[in-house]
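Student: next input, structure requested:
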Amino acid sequence: MTWKPQPNTEMPIFRQIFHYYENQIINGMLTPGAKFPAERELAAMFSVNRSTISAAFEELRAAGLVATKVGSGTRVSELMWETKPYHSPNWQRYTINRMYDPGLILQNQIHKAASKPNMINMTKGELSPDLMPLEFLKKLSSQLDFTQPYSYHDNFLGDPKLRGSLIEHLAKQQIHTSTQQLLVTSGVKHSLHLIAHTLLQPGEAIAVEGPSYLYAMQVFTAAGLRMVKIPMDANGLIPEAIPELYHKYRIRMVFTNPTFHNPTGTTLSLERRRALLAICEQLRLPIIEDDPYGMLHLDSPQTPPPALRALPSGEHSVIYLGTMSKFVTPGMRLGWIVAPLEVINKLAEAKNRTGYSSSHAGERLAQLYLDSPSADTQLNLILLALISRRKVLLSTLQDQMAHYATLAAPYIPAGGFYVWLKLKTPVPDRIIIEACINQGVLVYPGSIYGAEKGFFRLTYASIGESEIVEGVRRIKAALKRLQVKGDL
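Tutor: Numbers count the residues shown, from 1 in each chain. You can find the predicted model right below:
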C-alpha cells in the first residue's frame, strides 16, 4: 500500500481516509462484502491514532458504504451496485451526547420501565390527575376572550393582564414588585435556560445545593456551566460554606430551592436565609431562588419563612422563579421570573430571540385562574389531599420499611411533594432500581440528584393512597429480596 494521508493540508486526516476508501468502494476496487483490517492495524498502516480511524469509519458507516457487525468486523456494504450510494448526513455525529450525565442511564431505565403494565410510579413530581383542577379549568376556558387576536406579543414580557394578576398573587406571599420586573415563561426549566444562556458564560461555575433536582435536569451542564455543591444538613444549605466555594471556584451565582426542597423536603430557616443574603451581598453574588412548592405548606397554621426575595435586600440581589405546574397542572407550561429591571429586559430579549413564547391561550387561562375567587378553594382541596397522602406514606414507611430505611431528615417534611429516605445499608443505585422494577415499582435514587448511594426519593403527590401503600410494600419486597441474595 503506497497511499498515505497528508498531515500538512487543510483537510483533516480522518476526512482524507474517508475519501480514500469512498473512492476505492465506488470505483469497485473494494467489492461488496470485502473485510477491512482491524482499526488498530489500519492505524499502524496509516501512522495515525486509532481515534482517527474510528472517525473515518464513522463517516463511512453514515454514508452507507460500510457496515460493522459484532463478531465479524467491518465490511463493504452489500448494497445494489446499480444504485449510487446515498450520501446522507452523519446523524450519529450530530446526535451524540456531549454532556457528562452520570444519571442518564438510570433515568432512561426508569422512564422505559414506566410504560410497563401495573407499574406503580413513585417518581413523578406532579399532582395526580384527580388532584389537578381540570373541571375548574374547563369552566374557566369558556370565559376565554376570542375577540382579541392570538398574534405575536409586542411586549415580550408576557400578557399584561396576566402579569397584573401575578403581581397580586405574589403580594400575598410578601413579594412586592412591578409588572416591568416580571417576565412570563414556559415554566421553571425555561426560566433556568434563559438565565443560564443569557447571564452566564460557558465554563463559569455556579453553586447549587447538593443534592438538588437541578443535577437531574441538566440545564446548566447543557449550557457549559460547572456546578459546585453547597453542603447541606437537615436544615438545608449551609450559608457559611459559600465564601470558600467562591474563592476556590470563582462561582458566579448561587441557585437554591429553599422552601420544601427537592428532593430532601428541607426548608431553610429564617436565620439561614438572612445569613445567605448577607454573605452573597458581601461577595456581590446573585441568588436564584426557585420556589415551585412555596404554596404547598401542609402544616397549617405554621407557614414557611418568607421567600428570600421578600426579605430586606432580597429585592436587589435575588432573582425569583415561580410556576403554576405544582399547584395547578404542568401542562399549562407557565412560569415567571421576578428580577431587577435591567435583568428582566435582557432575559426578555433572549426569550424573543429564541422564540420561546408561552401559549397566549394558556396565559389568558392562567390569568382567569389566578383572578377567580375559587382558586383558594381549589388550592385547599389539593392541600388536604396531600396532607392525607403524606400521612399514609409516612405511616406505611414506619410499618413496612423501619428495618431497611429511615427518613434522611430528622423531621417530617412540612410541605411539597417528597420524602427523602436513607437506606440503613447502602446499595448501588442500579441494583436498587432493577430490584424495584422487578417488583413493579419505580423510585428515583439519590445519584440522579448528585447524592451518594443509599438515598432515594418518593413522592406522595402523583399517586393515590392505595397505590402509596402498595408501592411501599413492593419496595420492601425488593429490598428483602436483595437481603436474601446478600446484596443488602
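Student: may I see the buried residues of stretch 266-280?
Tutor: Judged by neighbour count (16 or more other CB atoms under 10 Å), stretch 266-280 contains these buried residues: 266-268, 272-277, 279-280. Every C-beta, even on glycine, is put in place using the N, C-alpha and C of the backbone.
Student: OK, contacts around Val419?
Tutor: Contact partners of Val419, counting by CB atoms under 8 Å, 6 or more residues apart in numbering, are 265, 390, 393-394, 397, 407, 413, 457-460.
Student: how near is the residue nearest the centre of the chain to Leu104?
Tutor: Nearest to the mean C-alpha position of the chain, by CA atoms, centre = their mean, lies Met217 at 1.7 Å. Remark: distance between Met217 and Leu104 (CB to CB, to the nearest Å) = 12 Å.
Student: kindly report the same for Met324.
Tutor: Counting by CB to CB, the gap from Met324 to Leu104 is 28 Å.
Student: kindly report the same for Thr267.
Tutor: Per CB to CB, Thr267 is found 30 Å from Leu104.
Student: lowest-confidence helix or strand of the chain?
Tutor: helix 91-95 (a mean of 57; mean pLDDT, DSSP states H and E).
Student: Met132: which of the buried residues of stretch 266-280 is nearest?
Tutor: For Met132, the nearest member of the buried residues of stretch 266-280 is Thr267. The distance, counting by CB to CB, is 24.7 Å.
Student: any low-confidence regions in the stretch 301-450 of the chain?
Tutor: 356-357, 409-410 (pLDDT under 70).
Student: residues in contact with stretch 272-290?
Tutor: Against stretch 272-290 from outside (CB under 8 Å, 6+ apart): 188, 192, 195, 199, 235-240, 242-243, 246, 251-258, 268, 305-309, 311-314, 317-321.
Student: now which of those residues would you call buried?
Tutor: The buried subset of the contacts of stretch 272-290 - by 16+ other CB under 10 Å - is 188, 192, 195, 199, 236-237, 239, 242, 246, 251-258, 268, 305-309, 311, 314, 317-321.
Student: which secondary structure element contains Ala278?
Tutor: helix 270-283 (DSSP states H and E).
Student: mean confidence for that helix?
Tutor: What helix 270-283 shows for mean pLDDT is 96.
Student: after it comes which helix or strand?
Tutor: Next along from helix 270-283, by DSSP H and E: strand 287-290.
Student: then that next one to CSV, C-alphas only?
Tutor: Output of strand 287-290 as CSV, limited to C-alpha atoms (Å, rounded to 0.1, in the frame of the first residue of the first chain):
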residue,chain,number,x,y,z
ILE,A,287,-29.1,34.4,44.2
ILE,A,288,-31.5,32.5,42.0
GLU,A,289,-34.4,31.4,44.2
ASP,A,290,-36.5,28.6,42.8
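Student: roughly how far does the residue lying closest to Thr9 once chain neighbours are set aside sit from Gln6?
Tutor: Excluding its sequence neighbours, the residue lying closest to Thr9 (CB to CB, 6 or more residues apart in numbering) is Gln16, at 7.4 Å. With distances taken as CB to CB, Gln16 is found 7 Å from Gln6.
Student: the more surrounded of the two?
Tutor: A direct count of neighbours by other CB atoms under 10 Å for Gln16 and Gln6 places Gln16 higher, at 19 against 9.
Student: give the contact list for Ala350.
Tutor: 194, 197-198.
Student: which residues of the stretch 251-400 of the chain fall in strands?
Tutor: With DSSP state E, counting those that start in this stretch as the criterion, the stretch 251-400 of the chain has strands at 251-256, 287-290, 318-323, 335-338.
Student: what is the first one packed up against?
Tutor: Under the contact criterion of 3 or more CB pairs under 8 Å, 6 or more residues apart in numbering; DSSP states H and E, strand 251-256 touches strand 205-209, strand 226-230, helix 242-249, helix 270-283, strand 287-290.
Student: export the ones you listed to CSV and append columns for distance to Leu140.
Tutor: What follows is these, written out as CSV (distance: least, CB to CB, whole Å):
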stretch, distance to Leu140
strand 205-209, 36
strand 226-230, 39
helix 242-249, 43
helix 270-283, 35
strand 287-290, 27
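Student: thought Ser128 was touching Tyr460?
Tutor: No: look at Ser128 against Tyr460 with CB atoms under 8 Å: they stay out of range, at 9.7 Å.
Student: looking at the two, which one has more neighbours?
Tutor: Per other CB under 10 Å, whichever of Ser128 and Tyr460 has more neighbours is Tyr460, with 28 against 16.
Student: against Leu393, how distant is that one?
Tutor: 4 Å.
Student: now swap in Ala350 and tell me
Tutor: Between Ala350 and Leu393 the computed distance is 40 Å (CB to CB).
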